[in-house]
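Asks: Structure, please.
(one chain, ligands or ions: 1)
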Amino acid sequence: MGGKELPGVLIFEIGGAAGILESHVEFLKTHFNLITMKEFQKSKEELHEKIKSIFVFDGRPLIDRQLLESLPNLKVVGNSGVGVNHLDLKLISSFGAKITNTPHAVSDSTADIGMALMLASARRLVEGCHIAMSPQTKHFAVDWLGVEVTRATLGIIGMGSIGYKVAKRAKAFDMNILYHNRNRRKEEEERLVGATYCKSIEELLQQSDFVMLVVSLTSETYKLIGKRELELMKPTAILINICRGAVVDQDALGEALQNGIIKAAALDVTDPEPLPRDHQLLQLKNVIITPHIGTATVQALRMMTEETVENTLAVLNDLPIPSEVNPN
Ligand SMILES: O=CC(=O)O
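Replies: This next block holds a predicted model:
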């Protein structure tokens, strides 16, 4: 006779850019009855009632009131990734569903991208690459110099799990580490030996050679770095953003880069993504932009899926939830 029915999980699709990886499907199917948005849209209420969870990957499926109203037994929305700014947390929790995310899975890969962008910008890797690979190049004439990250001062804004992993990596480069966080992180300071807490962002901005943004996007961090903050930075400083584009006032950043207020910027995130093709940041030589690839590794994706499964099973089985997001 048939065994216990697996809980239904709504997913956007299998494969494609915002879909569950084909290679993860077998593992997921051992725990859940996966229902794609296409199947869901064609289905009747009976199937809606089976859905206990939604897996959100790369911001999809979009969760609005209409979708929530059609899922009477929804218990949990499991976001793959740490940032949840694309979810209406209050709305979801008003339907009695919990929200989870995957902070552990993403921290190494995102910290790696932070270091990669910092090094690439400091050593002008992208410009160098174009010269070395251009069909026009006859000999290597490079009329600029990079700067070294070794022994430079790195200011990290946001000392969560990603900020901490960045700091650990920066230690290996003998960098002097400053950090700002809403709350001082004494435990991290002890483990990092020598990392200095800056109570004010201003102090960090004034002293840093590299400023790395690693905060969540909230109403408090929206355009946290604007004209005033950029003007506090050294003219030789480089800004690296690996969290969310809207943490920076991009118009002010474009102006600052054009007018020599800061030296360069390296961004894995922009607002919107991608930027309109005529955006001023795309015209500047002292900017590197990557297409939000902080978590785009084989390992991170596998761990994100595993962490989402653990969170979801914990909610469904009334067990302690490893990573629950507070809707407030
Ligand atoms: O952007 C990536 C994440 O939020 O994990």
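Asks: For the one residue in the stretch 201-328 of the chain that gets nearest to the ligand, give me its contacts.
Replies: Per CB to the nearest ligand atom, Thr295 is where the stretch 201-328 of the chain lies closest to the ligand, at 4.8 Å. Yep, even glycine has a C-beta here, placed from its N, CA and C like the rest. Applying CB atoms under 8 Å, 6 or more residues apart in numbering, we find Thr295 in contact with Gly81, Ala105, Val106, Ser109, Thr110, Leu301, Met304.
Asks: Find the helix or strand that it is a member of.
Replies: If you go by DSSP states H and E, Thr295 is not part of any helix or strand.
Asks: so which of the contacts of Thr295 also contact the ligand?
Replies: Among the contacts of Thr295, the ones lying near the ligand by CB under 6 Å from any ligand atom are Gly81, Val106.
Asks: among the contacts of Thr295, who's most crowded?
Replies: The most crowded member of those, judged by other CB atoms under 10 Å, is Thr110 (28 neighbours).
Asks: what about the closest residue in space to Lys90 that isn't next to it in sequence, how many neighbours?
Replies: Nearest residue to Lys90 in three dimensions, chain neighbours excluded: Pro327, at 5.7 Å (CB to CB, 6 or more residues apart in numbering). If you count neighbours by other CB under 10 Å, Pro327 ends up with 16.
Asks: if we can go back for a sec, tell me which two in the contacts of Thr295 are the farthest apart.
Replies: Farthest-apart pair in the contacts of Thr295 is Thr110 and Leu301; separation 12.6 Å (CB to CB).
Asks: Tell me the pLDDT of Leu192.
Replies: Predicted confidence (pLDDT) at Leu192: the value is 86.
Asks: need the contact list for it.
Replies: Counting by CB under 8 Å, 6+ apart, Leu192 has contacts Tyr164, Ala167, Lys168, Lys171, Ile177.
Asks: any idea of the mean pLDDT in the one helix or strand the third one maps to?
Replies: For Lys168, the host element (DSSP H and E) is helix 161-171. Summarised as a single mean, pLDDT over helix 161-171 is 96.
Asks: ranges for the strands of this protein?
Replies: 8-11, 33-36, 51-57, 76-80, 98-100, 153-157, 176-180, 196-197, 210-213, 238-241, 264-267, 287-289 (DSSP state E).
Asks: Tell me if the third one is near the ligand.
Replies: No. For a cut-off given as CB under 6 Å from any ligand atom, strand 51-57 has no contacts with the ligand; the smallest distance is 10.5 Å.
Asks: who touches that strand?
Replies: Strand 51-57 has contacts (CB under 8 Å, 6+ apart) with 7-12, 18-20, 32, 35, 40, 61, 63, 67, 71, 73-81, 86-87, 308, 312, 315-316.
Asks: Buried ones among those residues?
Replies: Taking 16 or more other CB atoms under 10 Å as the criterion, what is buried in these is 7-12, 19-20, 32, 35, 40, 61, 63, 67, 71, 74-81, 87, 308, 312, 315-316.
Asks: Give me the angle between the helix holding Lys168 and strand 176-180.
Replies: 160 degrees (axes from the mean of the first three to the mean of the last three CA atoms, to 10 degrees).
Asks: Centre of the chain to helix 161-171, how far?
Replies: 15 Å (CA atoms, centre = their mean, to the nearest Å).
Asks: Quick one: list the elements packing against it.
Replies: Applying 3 or more CB pairs under 8 Å, 6 or more residues apart in numbering; DSSP states H and E, one finds that helix 161-171 makes contact with helix 103-122, strand 153-157, strand 176-180, helix 186-192.
Asks: could I get the ones you listed as JSON lines with distance to Ser216?
Replies: Below are the helices and strands packed on helix 161-171 laid out as JSON lines (distance: least, CB to CB, whole Å):
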{"stretch": "helix 103-122", "distance to Ser216": "10"}
{"stretch": "strand 153-157", "distance to Ser216": "11"}
{"stretch": "strand 176-180", "distance to Ser216": "14"}
{"stretch": "helix 186-192", "distance to Ser216": "17"}
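Asks: which one of these is the most hemmed in?
Replies: Burial of the helices and strands packed on helix 161-171 is given as mean neighbour count (mean count of other CB atoms under 10 Å); strand 153-157 ranks first at a mean of 26.
Asks: Report pLDDT for the residue sitting nearest the centre point of the chain.
Replies: The centre of the chain sits closest to Cys243, judged by CA atoms, centre = their mean, with a distance of 4.6 Å. Each residue has a pLDDT score; the one for Cys243 is 98.
Asks: now the one 3 residues further on
Replies: Among the per-residue scores, Ala246 shows a pLDDT of 98.
Asks: quick one: contacts for His86?
Replies: By CB under 8 Å, 6+ apart, the contact set of His86 is Val56, Gly59.
Asks: so which of the helices and strands packed on helix 161-171 gets nearest Thr270?
Replies: helix 103-122 (12.8 Å).
Asks: which other helices and strands contact that closest one?
Replies: When contacts are defined as 3+ CB pairs under 8 Å, 6+ apart, helix 103-122 sits against helix 161-171, strand 210-213, strand 238-241, strand 264-267, strand 287-289, helix 298-316.
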